[in-house]
Every structure is written in C-alpha cells, then in structure tokens.
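Participant: Need a 3D model of the sequence below.
(2 chains)
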Number of protein chains: 2
Amino acid sequence: MKAKKPQIPLIWHADTNKAVSEDLSEPNRAVVDEFARLIKAGARETVLKAVRRMPPPSMVSLFVHLPLKRARKLTSWLDQPELRIIAELNPSFRAALLDDVAVQRLIDVLDGFEPEEAADALDDLPDEVAEQVLPRLKERETIEALRGYGEESAGSIMSRKFVAVPVDWTIGQVTADIRANAEAIEKLYAVNVVDAEQRPVGYLRLRDLLLAPKETPVEQIMQTDFVAVGPETDQEEVARFADRHELSVVPVVDRDGRLIGRITPKQLRRVLREEAEEDLNLMSGLPADSRPDQPIRRIIRGRIPWLLAGLAGASLSAAVVGAFEEQLAKAAILASFIPIVMSMAGNAGIQAATVAVQGLSSGTVTFADLGWRLGKELVAAVANGAISASVLMGMVLLATQFIEVQQPIVLALTAGLSLLSVIVVAVIVGASIPILLERLGIDPAMATGVFITTGNDIISVALFFLLMMLFYL
Amino acid sequence: MKAKKPQIPLIWHADTNKAVSEDLSEPNRAVVDEFARLIKAGARETVLKAVRRMPPPSMVSLFVHLPLKRARKLTSWLDQPELRIIAELNPSFRAALLDDVAVQRLIDVLDGFEPEEAADALDDLPDEVAEQVLPRLKERETIEALRGYGEESAGSIMSRKFVAVPVDWTIGQVTADIRANAEAIEKLYAVNVVDAEQRPVGYLRLRDLLLAPKETPVEQIMQTDFVAVGPETDQEEVARFADRHELSVVPVVDRDGRLIGRITPKQLRRVLREEAEEDLNLMSGLPADSRPDQPIRRIIRGRIPWLLAGLAGASLSAAVVGAFEEQLAKAAILASFIPIVMSMAGNAGIQAATVAVQGLSSGTVTFADLGWRLGKELVAAVANGAISASVLMGMVLLATQFIEVQQPIVLALTAGLSLLSVIVVAVIVGASIPILLERLGIDPAMATGVFITTGNDIISVALFFLLMMLFYL
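Facilitator: This is a model prediction of the structure:
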C-alpha cells in the first residue's frame, strides 16, 4: 500500500505566538479584525460562508478574540449546527454572549448542547430567563434531573453517557457491545462493570480489554479498586477526589449504589477554573458568581452589600479618629500618619491572609498547625515591621528638616513603633481569621475581603493614636 | 461460573462527610489523632506497620490530615516504596514536607518519583538544595533535560512515556506491541501514530483499535486531526489549548516535529491549580510562588518588597494630607473622613479590578471592549457611589447632632459628594489599569495588588481635601 501524504499536524509554539503549520486555531489579529469589520458592516453571507468552512477550534478561537459586541452579533446570525460551538466556550464568556439573546434564540442554542452543558448554561442565566427557557427545551427532562442535583454538585456536572457491562459477560461480548454502540460512544475512557442492579463492581482497563482473549470472563480481568462519588458531592470535593485517586474520569453513583453518570476530564478542568474564580471573587468582596459583562443592575446589586459593609466598618475607624480630635487639633501633623498605618495594615494583613487561605485549600494548613503557624508569622511580621518602621523613621526625620514639628525624634520613634505594632497585629489577624473561619465552617476566602481589611483599619488607627498619646502628646 | 462476591466499591457522599463503605481514603479524625499521638510518642514500628497496610490513597489522605510537624516526622521514618506517595501530594504541601529534610533523604525520596515529578519537586526546593541533590539522582539526565525546558513550560511538566506506532503498521502489529510492553504502559489514553522520523501524523482512538480487524492498516483508521504543543509553550497556554481542542492528554512535539512527550490529565489539573494560586498571590502582593510554611527568611524576603512599595505609596498619601495641615488645624473633624474615603476607594477599586482581571483571563474582556466596559462600570459606580454617599450623609447629619461642627449640612453634602467622586474614580482606575497592563504585556494580576490600592489611596485623599477646600472651608 502506498502511503498517502500525511497531513501536517497543528503544532502550537509559544515563542512565535503562532502555530508552525497553518494555524487555524489561533486566527491572527488581521484575520480577527477583518471579521470584526465585516460583522460590523453587516456582511452576513460573507461572514457565514467563511465561518462554516472553519474547523470548530478555529471558530471558538474567533469568538474569543472578537470584541464581545461583534461576537454577539455573530451569535445571532449562526444556525445549528454552528451554534453548538458556543457550548465549548468558557462559561463566563458563554454567559456574556447569551445574556442579551432573545428567548427563542436561546432555545435554539441550548437544544444543540449536551444536556449537562445546557444545565450548566442555564445556571449561568438569570433565574427568570432560565425559567422561561427550560420548559421549551427538547431535553427538558434530563436537564431538569441534572438541575435537580443542585448547582455545583457532582450530579449537575456529570454526563449521563457511559459504558457499563454486566459482570457475567466475556470480553468478546463487551467488544461486540461496543461495536454495536460505536456511533453513540463519544469518548471511551474506561468500561464500567456492573452487577444485575446496575451497581458498579469494578472496571476494565482499555489495555486489558485490548489484550485479553475473547473468551476471558470480564470478572477475571476487571480491576476492583473502583471508587466513585455521590451525585450530591460538591464539585470542589470531586476535583480533590479525582486527584487523590488519580482518576481522569470520576464515576457517579446514586444512594442505592447504582451507576448514574461520569464526570469527564473537561468538566473536571472547568470545575477547577470555576472554583478559582469564586475564591478570587469572594476575596475581593464580590459575589461568588460575579462575571464581567453582567447587566448593570446586577453589577450594582452584587457590589453594594460589600461597599456598605465596608462603609460601616470605615465609619468605626472614623469614630476612632474623631475620638482623638483634641489630640489632632494640637498636632494636625498626626493626620498624615493615618494613610500610612491604614495602608500598611491592609497590605500586611492581606498577604498573611492569602497565604492562609491557599494553605487551607491545599491542605498545607490545618487548625492543628495554628500555633506553630502564628509563631512563624509573628517572627516574619516583627522582621518586616522593623524594616518598614526603620524606613518610616528615616522618612519622618527627613521630613522634619523641612516641616516644623515639636520633638521630631520622639515623633519619629513613636511613628516607627506604631507601624511595627500595626504590622504585627495585622499579620496575626490576617493569618488566624481564615483558619478560625474554616473551623467554623465558613468559606475562608470571605475573610480576606472586606472583613480583614476593615478590621485591620480600625485596629491600626486606634493603635496609632493610643501610642501617640502615650509617648508623643 | 459462579460469581464471586463483588467487592464493595468505595463511594464518597458529601453530606454524610464519609464514605458509605469502609472509607480508607478519608481517615476520620479519631484515626488521624491516634496516628498523630503515636508519631509524637515515637512509636515508629507500630506506625510503620499500620501505614504499610494502607492503600496509597489512604496514605495520601493521612499525610494531608496530620499536623505538618507529625507528617514530617512520618516522612523521615518511611522507606521506599512508601515514600513514593509523597509525589502524589499537592505541590505546596509536598514542598513543605521536604523543606527541612536532609539531602540524602531527599535523594531517596526523589529517586522514587517519576522524572517529571522529580523535576517539578526540585523546582519547588530552594536553588541551593536542588543543586546539591540533582547530581546525585539516578534519573539525573532525564530530569536535567526536563528542567532544561524552563519552569512552567510544557517540556517541564510532560511525561516522556507514551505509546507511538509507525504509520505503516497494521492494527495486529499495534496490539502485539502493546501486549509486549504491557508492563511498562501505565495509562493508555491514545495511541500516537508517527512517521519514520518519529513525527506524529495522527492517532488511533482506543475504540477503533478495539474494533478494527487485525489486518487493517493503521493509516486507514487513524484520526488525522492531530494537534500538539511545543515544549517551550507556557503551561497556562497548554491548559487553554487542551480546553480549546477538547483534549484529555496533550502531546508535546519538538522543533523538528518529533513527538517527545505527553501531558497527562493529572498534570493539566495541577497546572490549573498552580496558575490560580499564582494569580491570587500576585493580587495580594506576594511573590507568584509564595507558599505557606516556607522558611521564615523566605517569608520575610517575599513580602518586604511589596510592603516597602506600599510604604512609598502611602507616604505620598501622607504628604497629601500634610499639605492640608492648615485646613486640618481649622477643622480637625476632617481627619475622620480619611479612613472612610481611603477604605471605600480601596474596596470599590479592587472589586472593579478583580472583575477585569478575571475577564481578561477568560477572554470575556479585551482591549477592544475598553470603552464599552468603562461606560458600564461608570454607570454602576455612579449608582453605588450615590447609595454609599447618601448613607454617609445620613451618618454625618446624625453624628453632628452630638458633635459640634460648623455648617453641618454643608459638611454632610460635601462629604457625600467626595465619597461619590472617590468611588467613581477608584472604579475607573480599577477597571482600566488591568486592561492597559495586559496590553503592555504585563500580568494584570499584579495591578490589583499594592498598585491599584495605593494609587487609589492617594487620589482619594487628594480629591477629598480639594472638595472640602472648595465647598466647606
């Protein structure tokens, strides 16, 4: 047989920032700009003709690189089956694309998705829109079942397609069954083995399936170290479970022990991305599911609670400052130190808190370590506080060459001492609060947001004025 | 054949917080506490006997749940092959375990790892330790080659084990080859097809391999939509590439197009975790590779640059306040507003910046959208600013019932106006800086850390005093 010319593979090299061979997966800026221009100009037919010739990865890439407005217009032009690719987009981006789309259009789009993708996309839409759309979807029942498991549960992200064979079959029967269903099987990761009640008892490795003689009983070569999660398991726990057991696919089993689905590698990666986004949002005083390009009223509603909580905290700091009005009237220069102690407390506190939050999520930090960790943080805080305090004292002494103040040396020493104390306290607060919250069952990512910053503001301002009263005024 | 009693599978149910059957993968607190006690007491033989009977996932779990100090002691007791499980731990946790271990011990540990795991573990150790250890490792050459690709590159995280067959083989030959190498093949995800120069020309799906008759030429049934990354591709880009092309395993190809490795699903998930940790660290003013339980001097060295940068910024805010000393002497009450404007600017700015940073990384936000995004942020900022300002005006009017100030209504109105302006400016700064940084090729996660907070501090204090001078004083 004469070998036909092999197709040149698509290879991505980072340093050239484009693929070595024809790289359709990364349209270059010129191509994207041309598409953007054509879409803006309304050249619907030209654009659609070009898009339909693109392989799906290139379409995804085009979508991601177009300005959102153009991508939305393109979405409105596409028909099935091209619309299918929207399922492949990052969830936030997909939600942004679908936000403004009319209900009928949404139904067309979602009917092209796999049920678990549709369920996921519905979760990202405003509730009132999801409620309108869901009853009119083709796969409504499956989607409702998936949504019934609750957001971010294993059940809601699992695929209901998997390959399972009875434990009393032979390898020949398994192969014949796979052959008969070859059309329906999209990705084959492993073959589950189940008993008469659909309860998993093991799995077949593809390697063994390939190598075993036809007449071998499944039971003889199956692996029995089968592990699975329940459908109500939180998705974050599922990802940890996959790591712990080195699974690329995680089987899902219901309360009665019956196999009901599997979580694919792609979904596992999506979970990791979503959980990271959530942590970051919480730490920044945003709702967990906050996204760019939400409608303005959702932006406002999502942010205002934290702003008002911050305002309440800040007014306590203001009250502390107000309590020292008399001292300030005597030495207005003291007000200059308020920004310094507040911002240093904030920065030092957030550093310590972030390390603690990440340690908790990676398992490096546990409640049992609290004392030992605080000891280390304390030493580091004293060192960094001392360095910062020395710099501040130098700056104060320098500044007092130009500004007239009473007792410049005492002022510098007291300011330095204040900064040192403020940093130490802020670090201890930042390092311990997340661990205590975790112990109480509260997501520690919440702690580093408005709470720690505000708390440290109040403490730092109070500490500063107290020390000034003691030593300077 | 009479079916033997199937083994009860291990199933994880989140709500009961333990597995339904004997759950060795999640030792309960009592078991862990007992281990901790025995380790503390130095009962080496008892502990080792128990540990050796545990399946690997349970050992991993035991390590993760033990206090770090006890886990370290246990590490020092273990021998090969039990030490192998340390490779399975989360990288930060693993690094924490290995930090204090003696060099000879480290060599024993790393010799039990896969080369790419050892290379990864070496990257997490201090350079001086890694340099001592590397030359004495068994797999030194492979590890050096992997490390040669640079940290966080595809080359450094790839496994060099993969299955590849010549394009001119038949399926029968492929099966025979896999059978001959069955021992060496750990996980079989797909079979790569290569030409005479080891260049990939396609791949065989396991399903087709299973179903095709022995005499079928590989070339006839192979898939030719082969994609790969270069070894120098950044790991973050690799993860995006895997999503875009729906790969669970990513092949790696060198400059000459030869297949040199593959990146496994487990490594892909590890990349996602690492990248999320890095972003969070940068946003909190920590070095990207910052970890809990680093030695104290590394904690100090990692945090002090940002603290000093923050101090420099804060002293500018202090200078601004100092410039208004005369006004403060007239109305010391104004100092009370410094914590309020500073902390509100900080919170509002970080909210906007976090949304922008996440949008950039998910592709929802691009430079092309800058104008449109800023418009939306502006509207939301005006709304949230107005709400916060109203609350503040109410509080000021209430407070002035108890504190004597001049022109309480003018003070309240000016304070409200200041807060509104400060929030609007902080949001615009927070929303635009990350996008501009990305455009300049700088990691936008850096922006939300000390930079935006400090910048907003200075602007907010200046804005507040200027407005007070204009309208109140």
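Participant: In terms of secondary structure, what does whatever helix or strand A:Arg37 lives in contact?
Facilitator: Taking DSSP states H and E as the definition, A:Arg37 sits inside helix A:29-40. Contact partners of helix A:29-40 among helices and strands, from 3 or more Cβ pairs under 8 Å, 6 or more residues apart in numbering or on different chains; DSSP states H and E: helix A:44-53, helix A:56-65, helix A:68-77. C-betas here are computed from N, CA, C, even on glycine.
Participant: deepest of those, which one?
Facilitator: helix A:56-65 (a mean of 22; mean count of other Cβ atoms under 10 Å in any protein chain shown).
Participant: do that helix and chain B meet at all?
Facilitator: Yes. Using Cβ under 8 Å from any Cβ of the partner chain, helix A:56-65 reaches chain B at A:Pro57, A:Val60, A:Ser61, A:Val64, A:His65.
Participant: so what secondary structure elements neighbour that helix?
Facilitator: helix A:29-40, helix A:91-98, helix B:235-244.
Participant: These: lowest mean pLDDT?
Facilitator: Mean pLDDT per stretch puts helix A:91-98 lowest among these, at a mean of 71.
Participant: gap between it and the chain center?
Facilitator: Computed by Cα atoms, centre = their mean, to the nearest Å, the separation of helix A:91-98 from the middle of its chain amounts to 15 Å.
Participant: try stretch A:66-86
Facilitator: Using Cα atoms, centre = their mean, the offset of stretch A:66-86 from its chain centre is 25 Å.
Participant: Let's see that stretch as CSV, backbone CA atoms only.
Facilitator: What follows is stretch A:66-86, C-alpha atoms only, in CSV (Å, rounded to 0.1, in the frame of the first residue of the first chain):
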residue,chain,number,x,y,z
LEU,A,66,-13.7,39.2,18.6
PRO,A,67,-14.9,42.2,20.6
LEU,A,68,-17.9,41.0,22.6
LYS,A,69,-20.3,43.1,20.6
ARG,A,70,-19.3,41.6,17.4
ALA,A,71,-19.3,38.1,18.9
ARG,A,72,-22.9,38.7,20.0
LYS,A,73,-23.9,39.8,16.5
LEU,A,74,-22.2,36.7,15.0
THR,A,75,-24.1,34.5,17.5
SER,A,76,-27.4,36.0,16.3
TRP,A,77,-26.5,35.1,12.7
LEU,A,78,-25.4,31.5,13.3
ASP,A,79,-27.7,28.5,12.9
GLN,A,80,-27.5,24.9,14.1
PRO,A,81,-25.1,23.1,14.0
GLU,A,82,-22.6,26.0,14.1
LEU,A,83,-24.3,27.3,17.3
ARG,A,84,-23.1,24.1,19.0
ILE,A,85,-19.6,25.6,19.5
ILE,A,86,-20.9,28.1,22.0
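Participant: List the contacts of it.
Facilitator: A:32, A:35-36, A:39-40, A:44, A:47-48, A:51-52, A:56, A:59-60, A:63, A:94, A:96-98, A:100-101, A:105, A:108-109, A:111-113, A:293, B:364, B:366, B:368-369, B:372 (Cβ atoms under 8 Å, 6 or more residues apart in numbering or on different chains).
Participant: could you pull out the strands for chain A?
Facilitator: In chain A, strands defined by DSSP state E lie at A:10-13, A:18-19, A:164-166, A:191-194, A:200-204, A:227-229, A:250-253, A:259-263, listed in chain order.
Participant: what's the most buried one of the ones you listed?
Facilitator: Comparing the strands of chain A by mean count of other Cβ under 10 Å gives strand A:227-229 as most buried, with a mean of 27.
Participant: Mean confidence (pLDDT) on the lengthiest helix in chain A, please.
Facilitator: The helix spanning the most residues in chain A, taking DSSP state H as the definition, is helix A:408-439. Mean pLDDT, computed over helix A:408-439, is 93.
Participant: Flag every buried residue along it.
Facilitator: A:411-435, A:437-438 (16 or more other Cβ atoms under 10 Å in any protein chain shown).
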